[in-house]
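A.B. asks: Fold the following for me, if possible:
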Amino acid sequence: MVLAAAMVACTNTNESADVTAEANIMTVDQLFDNIADLVDSSIVVTGEVDHVCKHGGTKMVIFNPETDKSIHILAGESGNFRADEVKDQNVIVYGHVEEKIVDEAYIDDMQAKLDEEIAKGNVDKDNAEASDEVKDAEHHGEGEAAPEEDQKHKEDLNARQKQIDGLRTKLADLKEEGKDHISYYSVKCDSYKVVESEDDDAAEVSKDNAEPAQEQENAEEVSEETKPE
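C.D. replies: Presented below is the predicted three-dimensional model:
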């Protein structure tokens, strides 16, 4: 009887926590209003899925269609995102806010890696994806790029250099305001729901049934990760 009572109490506590979380759902805009104060905090945010990373579905971008503000959602306990399940759908995301700091040392490291790739004559896809602030780069592997890929290769390198230059300019502007870094925010996903109706009748996607996303499109422009602090 004691065990049964404990199980009921635990269930009621979980249900109460879910109800509380549902009552505190934020739009992407509302999240941005206080995001600097929410780093490492648990949040619930809703939005429409604009993009799913084609590299295994490790990220998706949700946005508010009314304002176009967007934020990256990083796969976590929920498992990787499937574009065929979430693309263009409204979702509710449960997770916590993470901050990525981009300072002068970070930008110098980006430049050094790019210079190394230019010297090698190839594009390192892992580094391009890790920065996640440039256009997706096609992986050419070791050696020289094929002639038909040479122009694409140059465009990727130019895009990354342009991004680095843009970060330097942004950081210089912030230094004039007394700040020494750029802050980019994202949400690490613990779980999420795909909203199936206006009544919020949602189907929760668990780690057990979530599978890596298949590649959906050719090189796409990745949305800006977050609004700088």
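
A.B. asks: Wait, His96 touches Val45, no?
C.D. replies: No. The criterion here is CB atoms under 8 Å, and His96 misses it with Val45 at 10.7 Å. (Each C-beta comes from the backbone N, C-alpha and C, glycine too.)

A.B. asks: Which neighbours do those two have in common?
C.D. replies: Both His96 and Val45 are in contact with Val187, where contact means CB atoms under 8 Å, 6 or more residues apart in numbering.

A.B. asks: So for these two, which sits in the more crowded spot?
C.D. replies: The neighbour count for His96 versus Val45, taken as other CB atoms under 10 Å, is higher for Val45 (27 against 15).

A.B. asks: What pLDDT does the model give the more buried one?
C.D. replies: For Val45, the pLDDT comes out at 97.

A.B. asks: residue ranges with poor pLDDT in the protein?
C.D. replies: 1-23, 122-154, 197-229 (pLDDT under 70).

A.B. asks: which residues in it form helices?
C.D. replies: Here the chain has its helices, by DSSP state H, at 2-23, 28-33, 83-86, 104-120, 125-131, 150-176.

A.B. asks: And the fourth one, what does it pack against?
C.D. replies: What that stands for is helix 104-120. Applying 3 or more CB pairs under 8 Å, 6 or more residues apart in numbering; DSSP states H and E, we find helix 104-120 packed against helix 125-131, helix 150-176.

A.B. asks: what comes up buried for it?
C.D. replies: For helix 104-120, burial by neighbour count (16 or more other CB atoms under 10 Å) applies to Tyr106, Ile107, Met110, Gln111, Lys113, Leu114, Glu117.
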